[in-house]
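A.B. asks: 3D, please:
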Amino acid sequence: MIKKISALFPLWAIGFSIITYLQPQLVVDFKSWIIPLLILIMFCMGITLKIEDFKRVLKRPKLIALAVVLQFLLMPFIAFIVSKLFNLSTELMVGMVLVGAVSGGTASNVIAYLAKADVALSITMTVVSTLLSIIVTPYLTLLYVGQTVPVPAFSMLLSILKIVFVPVVVGLVLNHFFSKYIDKRHDVFAFLSIISIVFIIGVIIGINQSKISTIALPLMLAIIFHNLAGLLGGYYFSKIFGFDNRSCKTVAIEVGMQNSGLAVVLAMKYFTPLSALPGAIFSIWHNISGSILAGYWSKREKG
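C.D. replies: So this is what the prediction gives:
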């Protein structure tokens with residue numbers, strides 16, 4: 001039952017976003033919940049990890065290195081270029097760059113499973129990029145938008161350390177010692193993550209309700225282009241380097257799907273509520289595009 005509910009994540013996110021757009025007063029007072037909810041999401045990620053997930057880095061270092069390089073070079077660059085092409089405001093450009101500069105999202109692991117890609121490899125890539133994001137994300141943001149707006153890179157680094165690293169490590173340690181109890185409850189942690197991200201998206205939509213109608217189309221087009229460029233770039237760069245099709249699919253999903261919840265939190269904490277909007281919309285869109293792509297690849301595997 002929980003798996004079926006979790007699989008409908010895009011529908012829950014869209015439905016709740018419509019409700020909060022029409023009735024923003026329902027959620028605007030819950031802005032302070034955003035950071036605790038992301039901490040919960042990262043804890044849920046950590047508690048489903050094992051030490052073996054880190055050991056896999058040693059088995060396929062070149063492929064993981066390629067995915068991480070594409071993640072942190074391609075995605076923020078595309079975000080910056082797309083923001084300029086669609087003439088987005090400075091606040092929205094900051095949000096787009098944050099989405100591009102964060103690590104891969106945990107949803108990529110689910111999409112990798114549905115697409116018949118390499119789930120273990122996907123988890124490893126997510127873990128590696130998540131840990132690297134502690135240092136890389138603040139300074140990539142500084143690089144791309146530091147000339148336009150003040151970017152407190154070191155403060156952002158400390159925040160990511162607290163919001164991402166600590167809960168992931170706590171979850172990992174708990175799983176190491178209590179795995180026999182936790183292994184049976186992975187679906188519960190996935191469900192908690194989904195509920196949390198849906199609520200975060202709804203709060204951001206509610207906060208920005210008055211501005212959405214004037215910026216919706218160019219921002220939506222920019223987000224779609226950004227996501228598709230990441231998916232295509234991840235797939236075809238992997239092909240160029242000679243990796244097999246299953247690995248190429250895994251890299252494509254990992255590069256194209258971002259930890260947009262972290263982008264939302266950083267935008268809210270260090271920039272403006274409007275800067276958090278790209279992350280909220282990206283959260284919905286990359287799950288829709290990822291699900292469509294997974295369905296396509298899954299059918300091709302059967303054929």
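A.B. asks: and Val99, which of the three is it?
C.D. replies: Put simply, Val99 is helix when judged by DSSP: H, G, I helix; E, B strand; the rest coil.
A.B. asks: ok, for it, nearest residue in space, not its chain neighbours?
C.D. replies: Once flanking residues are discounted, Val99 sits nearest to Ala263: 4.5 Å by C-beta to C-beta, 6 or more residues apart in numbering. Yep, even glycine has a C-beta here, placed from its N, CA and C like the rest.
A.B. asks: could you look up the SS state of the one you found?
C.D. replies: Assigned by three-state DSSP, the conformation of Ala263 is helix.
A.B. asks: so it touches Ile281, yeah?
C.D. replies: No - counting by C-beta atoms under 8 Å, Ala263 does not reach Ile281; the two are 10.8 Å apart.
A.B. asks: which one of the two is surrounded by more residues?
C.D. replies: For Ala263 versus Ile281, the count of surrounding residues by other C-beta atoms under 10 Å is larger for Ala263: 31 against 26.
A.B. asks: report the longest helix in the protein, please.
C.D. replies: Determined from DSSP state H, the single longest helix within the chain is helix 209-240.
A.B. asks: starting at the chain centroid, how far to the very next helix or strand once past it?
C.D. replies: Using DSSP states H and E, the helix or strand that directly follows helix 209-240 along the chain is helix 245-256. Taking C-alpha atoms, centre = their mean, to the nearest Å, the mean C-alpha location of helix 245-256 is offset from the chain mean by 15 Å.
A.B. asks: show me what helix 245-256 is in contact with.
C.D. replies: By C-beta atoms under 8 Å, 6 or more residues apart in numbering, the residues outside helix 245-256 that reach it are 63, 66-67, 70-71, 74-75, 104, 108, 111-112, 115-118, 121-122, 125-126, 129, 227-228, 230-239, 243, 286, 289-290, 293-294, 297.
A.B. asks: now do 6 Å
C.D. replies: If you take C-beta atoms under 6 Å, 6 or more residues apart in numbering as the criterion, helix 245-256 is touched by 63, 67, 70-71, 104, 108, 111-112, 115, 117-118, 121-122, 125, 227, 230-231, 234-235, 238-239, 297.
A.B. asks: hang on, the earlier thing: return the list of helices and strands in contact with the longest helix of the chain.
C.D. replies: With contacts taken as 3 or more C-beta pairs under 6 Å, 6 or more residues apart in numbering; DSSP states H and E, helix 209-240 sits against helix 61-85, helix 245-256, helix 277-302.
A.B. asks: so which bits of that helix are buried?
C.D. replies: Within helix 209-240, the residues scored as buried using 16 or more other C-beta atoms under 10 Å are 209, 212, 215, 218-219, 222-231, 233-235, 237-238.
A.B. asks: point out where this protein drops to low pLDDT.
C.D. replies: For the chain, residues meeting the criterion pLDDT under 70 lie at 1-9, 301-303.
A.B. asks: and the residue nearest the centre of it?
C.D. replies: Central residue check for the chain by C-alpha atoms, centre = their mean: the C-alpha nearest the mean position is that of Asn259, 1.9 Å away.
A.B. asks: which parts of the stretch 1-150 of the chain are helices?
C.D. replies: 2-7, 9-22, 34-46, 51-55, 61-85, 90-101, 107-114, 119-145 (DSSP state H, counting those that start in this stretch).
A.B. asks: distance of the residue nearest to Val99 from Ser193?
C.D. replies: To Ser193, Ala263 is 16 Å away according to C-beta to C-beta, to the nearest Å.
A.B. asks: and what of Pro273?
C.D. replies: Taking C-beta to C-beta, one finds Pro273 at 23 Å from Ser193.
A.B. asks: okay then, goodbye and thanks.
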